[in-house]
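**Q** Fold the following.
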Amino acid sequence: MVINNHNQSRVWVLRLMTDNKIRKSQEIYQEVIDLAKISDDEVNQKISSGQSRLLNSLAWAVSSFTKAGILNRISRSTYHITPLGLQMYNEWKDKAEISQKEFIGLTEWDNYQKSILERKQSQSKDIEKYFDNNDNQEIENVDFETQAKNAIKEIETEIAVELLNKLQQGTPLFFEKAVLKLLLAMGYGGKENLFEHTGKSHDGGIDGVIKQDPLGIQKIHIQAKRYASDSSVGDGAVRNFAGSLQVQGANKGVFITTSSFTTSAKESAQKLSDKIILIDGQELVTLMIKYKVGIQIKEVLEICEIDEDFFE
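**A** Numbers count the residues shown, from 1 in each chain. The predicted model follows:
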């Protein structure tokens, strides 16, 4: 048997997982190889990165099924078929290929694609500025380096959506700690990483405090709200946070959410000048990617050019 593309990989992964067993990703790959009677020659075929072409394709199949709600990632690299997956298998079991077009109409997949679109739209403003500030002829002749950077942006967009989903699915306690780790990674808290997680004590609505100096003379108080994307933070929550800051005698606060802020919430924060900084879900994951919090580098691509000095 030969698996030629991701669409065929999905067929075999789904067929395997319908036995309702929990499997690690490596177990899925090996059992698909056995089930489909894949030859060693096919398994050993490599793509440019050096990874097995087949294993790469199976990994993409598992990833897309997870985004569509067909598989559930119950822990690190561990998957189980969902009731929706069993239902869809009955509809797709006679198909030779399962493309991503088949996922259209599935709630989790549609929400995932909506999030991708929203993030791209938010980034399109920067692209429009680029078009306005550059000669049209220059834009038409986009070089390979620019194309590579655009491809990386596409990957980062998908990572951002997945990051936000994971933050929203985690516990409030996990989110509070993740926010503190991000601010420390950004350089707040100094070399000593001076911080205190206060969320469990419900300290007046303050979830964490970062000290800017060893004596704690300058402090940043943090409020972290883990909301679904369709539940915006209103001005009442911002005003309550401002009140908590006043009780604490604090003059700086950062309000971070996984969703967004209403217009009135933003206006309330603006009235307080620079006392409260608002960070919504999109800005949050952008910062996490920039400061490598919750993500890891998979591969480093090098772009080379001629060293003109060498030839002088």
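**Q** and the end-to-end length of stretch 93-109?
**A** The first and final residues of stretch 93-109 sit 20 Å from each other (C-alpha to C-alpha, to the nearest Å).
**Q** Would you mark the buried spots in that stretch?
**A** Across stretch 93-109, burial judged by 16 or more other C-beta atoms under 10 Å covers 98, 102-103, 106, 108-109. Every C-beta, even on glycine, is put in place using the N, C-alpha and C of the backbone.
**Q** cool, stretch 274-289 as well?
**A** Quick answer for stretch 274-289 (16+ other C-beta under 10 Å): 276, 278-282, 284-289.
**Q** cool, stretch 294-312 as well?
**A** 294-295.
**Q** about what we covered before: need the buried residues of stretch 93-109 in TSV (columns: pLDDT).
**A** Shown next, in TSV, are those (pLDDT from 0 to 100):
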residue	pLDDT
98	95
102	95
103	95
106	94
108	91
109	92
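**Q** From those, which land in helices?
**A** Taking DSSP state H as the definition of helices, the buried residues of stretch 93-109 contribute 108-109.
**Q** Closest one to residue 86 out of the buried residues of stretch 93-109, please.
**A** residue 106 (13.6 Å; C-beta to C-beta).
**Q** How about the backbone phi and psi for the closest one?
**A** Main-chain dihedrals, residue 106, degrees, to the nearest 10: phi -80, psi 130.
**Q** Leaving aside the residues adjacent along the chain, what's closest to it?
**A** Distances taken as C-beta to C-beta, 6 or more residues apart in numbering place residue 68 nearest to residue 106, at 5.2 Å, with adjacent residues excluded.
**Q** From the centroid of this protein, which residue is nearest?
**A** Central residue of the chain (C-alpha atoms, centre = their mean): residue 163, 2.4 Å from the mean position.
**Q** Of the buried residues of stretch 274-289, which belong to helices?
**A** Judged by DSSP H, the subset of those located in helices is 281-282, 284-289.
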